[in-house]
Structure formats: C-alpha cells, structure tokens
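> no sequence on this one, just coordinates:
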C-alpha cells in the first residue's frame, strides 16, 4: 500500500489487525490512498457496487457470506489465519417512508425496549398485619413530598456536569437522498452554525442529498457541506440561518492518558443527546476504516480507543474529558466476528475516535472551502507483513532524501513504536506536512535514526 495520494475514499471505518493481538484493521502506507469505507449514510441500491462495504475475514478455511445493504461480500480467509472483528462506522440509517412511486429499498431499524417486572405479587395481597391502632404512628411515603433527584448545578468533574456543559454543543445530522437516508452526529464549532463531523456522515449529501441539523432544543435547520476530507474522515458543514449557538470547547489529545475517564455524546440509533461513559482504553491505535484488500490505500485513523458505548449514529459526535473539553471525534466501532449476518451489531466496548488535534487541523483547512493536506513520507508498505518494511521509495520524496532504502524496516517515528504498515501510515498522518520527525530503521545494535521532513500529499 502506499501512503500519500489522497484517494477517492469514501467513508470508512474498520480497525486493522496484524497477525498477533487483535488490532483494528489499518492501511499501511500513504502513497496511494484507496476509498475509505465507513458505513454508508444511505442504503446502496441493489445491483450497484457498494463503495462503503467494510472488510470482513471469514474463519480459516471457511467461506462465509456477509451482507451489506444491497451487496453480498463473500470472502474466504487464508488458511490458518483467524478472521478479525469487522469494524463499522458509527452511522445509523433510520427508517424512511418510501416516496410514492419509488421502488428503492429502505432499511427499517427499530430500537427494542423491554420492560422488566421485578418482585413477587402472590400471597401478600389482602394480608392483614395489624390495625392502625396496633401500629401506632406510621410512615407512608405515598403521602410524602417528592425528594429532589438531580442537581441543577452538578459537582464539577462529574458526568452530570459534563453532560450539562457539552450537550448543547452536539447536534443530530439527518441525511436524505434519492436512495434513502441516515443519521449521525456533529459538534458545533461556531455560534453561526459551523459544525464538525465525519466525512462518512455527510458524503452522500455532498453528492446532491439534503442535510438537516437538529439541535438539542429540538430546533432544526437545513445545512450545506462546506468541505470534506475522505482520507481523514473529517467534514465541516454549515447550518443555515442560525445564530447564538454554543460552540464546544476543544482540549488537546496530545495529553491523554490510558485509563483516563471520558464521556461520549451523540445520537446512537437516532436517539439524540445520548450520554455514555468509559475510559481511554488505548492511544495511537491504527484503525483502517474500510477497504477490502490489505494492499489498498484507505483511510487510516490514528485512533483513540475507548470502551464508552458507541453505536451506529454516534459518528461525528464528541468524545470529551471530565472537564467537558472535546478530545476526539467518535468515528468507528468494532463488532464481534460472530455478529448477526447482514447487520452491524452494537457496542462491545471497542470504539474509536479521531484525536481532536488532528481533526481540528483538518477542519481549519476545510472551514473556508479549502482542501485538507495529508502528510506523506514517500514510501510504500504492505499491511499484510508483520513489520513496516519499505517497498518502493518515491524518488526525491522525504524518505529518499533522508537515505531510506527499499527493504529497510521502520521501527519508530519519534518515540512511537511502529509495528506494521498501518501503524506507519497512522503515525505519519498524525503530523502536519512540513513536520520533521526522527525515523528509526532497524532495531538493536543495527538501528539507525534519520531526520525526515514530511511532505504534503499531491492534491
């Protein structure tokens, strides 16, 4: 795979996992990005190639059929290799009413709510425990005033305080096209309606669909796409005719620690302003969000992993710290390998968010209709290999100027260990073009370090 060329990617979300520990599927180089595959925001019509189909790998030696809306994807795993968990973008296609005369198919999704009745009723009804006289004074809570449950001013640093601070800054985004529709989430970044979200949430709208934004108050507004970057899965949209909105406060993802408490806010399954909690499970997790071949150049996220419940519809929503500062954009989830055939499955505690430092840099480039720049190192790598072994070196590129040769194995970028091609791509793309990084080649006594000035991918 190559790393630089921004590809024709669409939304994608699938963590990559090299052989060994289970790791989200990730692309390995930057040179030739391939379409990212996030969950589509609209259902793909039958008989049409689905550009958003996620990568699946069947158990060794067997062939399994996985169905994406309108497109089957059979795939047989190489002998002796276990299949990784499929990763899906957290975008939710809601049920839509089919227009009169339309023959297109829609996906009907429903949330099942089960009421549980606890306690036994038999035997006590009608029993007499004594007369009022024999009991003396009694306490009856039915006659007592209701005690307050919540606090209007929550304790600082509590989940309640975070929800009160951030919820007004998170919106639900609804997309409708001729083929269907979907829902995702977004984060308000200006009081006049600029909203940060995932590219895969609004990709269909960018091709002529309609966008509607719903605020926490219930107010709605039409919106248009300002700029998108499929390679980083970031987009900026603008709600029309609104003022006085509450922008979110951004923190820094550079200072995150594993085990740190976080809160996710978004619209899973279309349920607006849903708040869930968890911790930062891992950092710098290379996650490939799409692509059916490990040699494709796809969207590769340098993701924050969290166990906060993230489900379809959370895409584009906020991952915040306990001070209510946005530190990530929720973008993808992993599901169990045995998830129900043809469906996405729900949260299993493996969610992935784009670090806000990277998302903010890309959004600044997009907010005025500009194009985002991705960093490249100028080599190709194969994500199927257990290490980041250099394939081709771009003549005159950053790696070539630093003396990196074909066959070299890159083991570190600055202080970050590189354990595969996808890890290299994610690390390189986490930096802005022009950044000088220290690249370690080899290991042990044979290791050497060179300075590489990252370049911008050709537009």
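It's in. Since the model is a prediction, treat every value here as computed from it, not as a measurement. Numbering: from 1, shown residues only.

> model confidence over the helix or strand containing residue 184, on average?
Assigned by DSSP states H and E, residue 184 falls within strand 180-188. Average pLDDT, strand 180-188: 91.

> which elements pack onto it?
For strand 180-188, the packing partners by 3 or more Cβ pairs under 8 Å, 6 or more residues apart in numbering; DSSP states H and E come out as strand 170-177, strand 194-197, helix 199-206, strand 261-266, strand 325-334. Every C-beta, even on glycine, is put in place using the N, C-alpha and C of the backbone.

> make JSON lines out of those and add mean neighbour count.
Shown next, in JSON lines, are these (neighbours: other Cβ atoms under 10 Å):
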{"stretch": "strand 170-177", "mean neighbour count": "25"}
{"stretch": "strand 194-197", "mean neighbour count": "27"}
{"stretch": "helix 199-206", "mean neighbour count": "29"}
{"stretch": "strand 261-266", "mean neighbour count": "25"}
{"stretch": "strand 325-334", "mean neighbour count": "30"}
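
> nearest to residue 400, out of these?
helix 199-206 (30.8 Å; Cβ to Cβ).

> any idea of the angle the closest one forms with strand 170-177?
Compare the direction of helix 199-206 with that of strand 170-177 by axes from the mean of the first three to the mean of the last three Cα atoms, to 10 degrees and you get 40 degrees.

> relative to strand 180-188, how tilted is helix 199-206?
Using the same axes, to 10 degrees: helix 199-206 against strand 180-188 is 120 degrees.

> run through the helices of the stretch 351-459 of the chain in chain order.
356-366, 398-401, 421-429 (DSSP state H, counting those that start in this stretch).

> now stretch 437-445: buried residues?
Going by neighbour count (16 or more other Cβ atoms under 10 Å), the buried part of stretch 437-445 is 437, 439-441.

> what's the burial count for residue 243?
Residue 243 has 8 neighbours, counted by other Cβ atoms under 10 Å.

> got a pLDDT number for it?
Here the pLDDT value assigned to residue 243 is 92.

> likewise residue 52?
Residue 52 is assigned 42 on the pLDDT scale.

> for residue 446, same thing?
pLDDT at residue 446 comes out at 88.

> can you start the count at 36 instead of 1 from here on
With the count now opening at 36, the last piece we talked about shows up as residue 481.

> what separation do you get for it and residue 442?
Residue 481 sits 13 Å away from residue 442, going by Cβ to Cβ, to the nearest Å.

> hang on, the earlier thing: now, which of the buried residues of stretch 472-480 lie within strands?
By the criterion of DSSP state E, membership of the buried residues of stretch 472-480 in strands covers 472, 474-476.

> and residue 242, which of the helices of the stretch 386-494 of the chain is closest to it?
Closest among these, using Cβ to Cβ: helix 391-401, at 16.9 Å.

> and the closest one with strand 360-369, angle?
100 degrees.

> quick check: closest non-adjacent residue to residue 289.
Excluding its sequence neighbours, the residue lying closest to residue 289 (Cβ to Cβ, 6 or more residues apart in numbering) is residue 392, at 5.7 Å.

> could you pull out the helices for the stretch 136-285 of the chain?
According to DSSP H, counting those that start in this stretch, the helices that the stretch 136-285 of the chain contains are 167-170, 194-201, 234-241.

> need the ones you listed in CSV (columns: distance to residue 463).
Output for the helices of the stretch 136-285 of the chain, formatted as CSV (distance: least, Cβ to Cβ, whole Å):
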stretch, distance to residue 463
helix 167-170, 77
helix 194-201, 31
helix 234-241, 19
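
> right, so of those helices, which gets closest to residue 211?
Across the helices of the stretch 136-285 of the chain, closest to residue 211 is helix 234-241 (Cβ to Cβ), at 8.2 Å.

> which strands and helices sit next to the closest one?
The contact analysis (3+ Cβ pairs under 8 Å, 6+ apart) places helix 234-241 against strand 205-212, strand 215-223, strand 255-264, strand 269-274.
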